[in-house]
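1. Any chance you could fold what I've pasted below:
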Amino acid sequence: MSVEPRQLVEVRGMHVRDVPAVLEIEQVSYGYPWSERIFRDCLRVGYRGWVATDLDSRVVGYALLSVAVGEAHVLNLCVAPDARGHGVADRLLDALIAQAEHECAERVLLEVRPSNKAARRLYKRRGFQRIASRPGYYPSPDGREDALLLELALV
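-> Numbering: from 1, shown residues only. Predicted coordinates for the structure are as follows:
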């Protein structure tokens, strides 16, 4: 099922009951997916989570954010493969940025794989700037892949 922009019903807060659907998207999207425990722990400790749902109330994307000491950090943002390219990631990123602003963060940080060209285009379009690299940050079939550290200044 392909998701058209008009079919995206809402972006709402993530609940523990959403974790199975989130985990399903995570597992088909990443070679090294987060575990169910990681998602549950993120919600348990108070990180902010969102899900995007379609007309059938199907979760088609999710995002997690931590905010502390004036910085927001995008922990995870992912869209189901059949829902990509329809603005879902933009809507989730809007929610993250709005939350960061609401909590008076001065900047939003995130890591992204250099090989994830779609994500890099999204973040560039939204004004994120590369500020550093994190060597060997991500697991990969060849060992480890560096991460690009990106920043969006909010003030």
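
2. what's the following helix or strand after the longest helix seen in the chain?
-> In terms of residue count, the longest helix belonging to the chain (DSSP state H) is helix 88-102. Counting by DSSP states H and E, the next helix or strand C-terminal to helix 88-102 is strand 107-112.

3. Check what contacts that following strand and list those residues.
-> If you take C-beta atoms under 8 Å, 6 or more residues apart in numbering as the criterion, strand 107-112 is touched by 70-74, 77, 96-97, 100, 119-120, 123, 128, 134, 137-138, 147-155. Where C-beta positions appear, they are placed from N, C-alpha and C, glycine not excepted.

4. looking at the sheet around the spatially most central residue of the chain, what are its partners?
-> Geometric centre of the chain, nearest residue: Leu77, 1.3 Å, by C-alpha atoms, centre = their mean. Beta bridges link Leu77 to Ala63 when assigned by DSSP bridges.

5. which helices and strands does the helix or strand of the chain with the lowest mean pLDDT pack with?
-> In the chain, the helix or strand scored least confidently by mean pLDDT, DSSP states H and E is strand 8-13, which has a mean of 88. Under the contact criterion of 3 or more C-beta pairs under 8 Å, 6 or more residues apart in numbering; DSSP states H and E, strand 8-13 touches strand 48-54, helix 88-102.
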